[in-house]
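S.K.: based on what follows, work out the 3D shape:
(one chain, ligands or ions: 1)
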Amino acid sequence: MKLHYSDASPFARKVAAVLHETGQFDDVEIINTALSPLAPTEGYRVKNPLSKLPALERADGPSLYDSRVICAYLDDRANAGLYPAGDTRWNVLVLEATADGIMDAAVLMVYEGRWRPEDKHCPEWVDGQWSKVNGAVKALNDRWISQLNGPLTIGQIAVACALGYLDFRHADRNWRNGNDALAAWYAGFETRDCMVATRPPE
Ligand code: BEZ
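M.R.: Predicted coordinates for the structure are as follows:
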């Protein structure tokens, strides 16, 4: 299998963390891929017509995207149990969706600065994205700690990758402020091997 990847993408990190956690990292070739949202790369569209990372090429089937689909596939492939059955399943999927939403808003904030001309920057829009991040981080702190402290699921991996991205790109906004329980949980989780092996670049 080939994983189209960027070490700065929190979505790609989530997939890489699952590969490590489930003992499948050696089954993939990592293809470092740089994409521009302004000029989608034609060759890459075969892997993902949305021209986004990550995408997983398989020998025995079409490419898989996005990170949620790839993570569920890898979990299935390794029978790893990151998606429990029963009522807990819905909590886990909401946790993953919350983490992915934090990633989405946080990446869009970066893209505003990186890809839009400076005279078209809209600080109110960036603040609006941050208020989504802030609200979701607060919800994790106030309502999800017992789930985060439970058995390992895709929910914890996704949340940790989202918080890692906030540290990587938005450290100045200090998400830990007022979220002590979440900060304490993350301090433990980020030392896990799958997180250490996939840390974004300095
Ligand atoms: C980043 O540089 O922050 C980034 C790169 C690829 C995908 C998402 C974010």
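
S.K.: check contacts around the residue of the chain most remote from its centre.
M.R.: Distance to the chain centre peaks in the chain at D119, reaching 30.1 Å (criterion: C-alpha atoms, centre = their mean). By C-beta atoms under 8 Å, 6 or more residues apart in numbering, no residues touch D119. In short, each C-beta sits where N, CA and C put it, glycine included.

S.K.: and it, what pLDDT?
M.R.: pLDDT recorded at D119 is 95.

S.K.: please report how far it lies from W125.
M.R.: Separation of D119 from W125 (C-beta to C-beta, to the nearest Å): 14 Å.

S.K.: same check on G86?
M.R.: Separation of G86 from W125 (C-beta to C-beta) stands at 40 Å.

S.K.: so which of those two has more stuff around it?
M.R.: Comparing G86 with W125 by other C-beta atoms under 10 Å, the one with more neighbours is W125, at 13 against 6.

S.K.: so which strand or helix has that one?
M.R.: Using DSSP states H and E, W125 sits within helix 123-143.

S.K.: who does that helix touch, helix- and strand-wise?
M.R.: In terms of contacts (3 or more C-beta pairs under 8 Å, 6 or more residues apart in numbering; DSSP states H and E), helix 123-143 is packed against helix 87-115, helix 154-169, helix 180-189.

S.K.: so for K2, which of the ones you listed sits nearest?
M.R.: Of all the helices and strands packed on helix 123-143, it is helix 154-169 that lies closest to K2, at 20.6 Å by C-beta to C-beta.

S.K.: can you tell me the SS state at H4?
M.R.: Under the three-state scheme (DSSP: H, G, I helix; E, B strand; the rest coil), H4 adopts strand.

S.K.: give me every residue in the chain lying close to the ligand.
M.R.: 6, 8-9, 53, 107, 110, 169 (C-beta under 6 Å from any ligand atom).

S.K.: export the residues you listed to TSV and tack on neighbour count and pLDDT?
M.R.: Output for the residues of the chain next to the ligand, formatted as TSV (neighbours: other C-beta atoms under 10 Å; pLDDT from 0 to 100):
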residue	neighbour count	pLDDT
S6	16	97
A8	16	98
S9	23	98
L53	25	96
V107	19	98
V110	16	98
R169	17	98
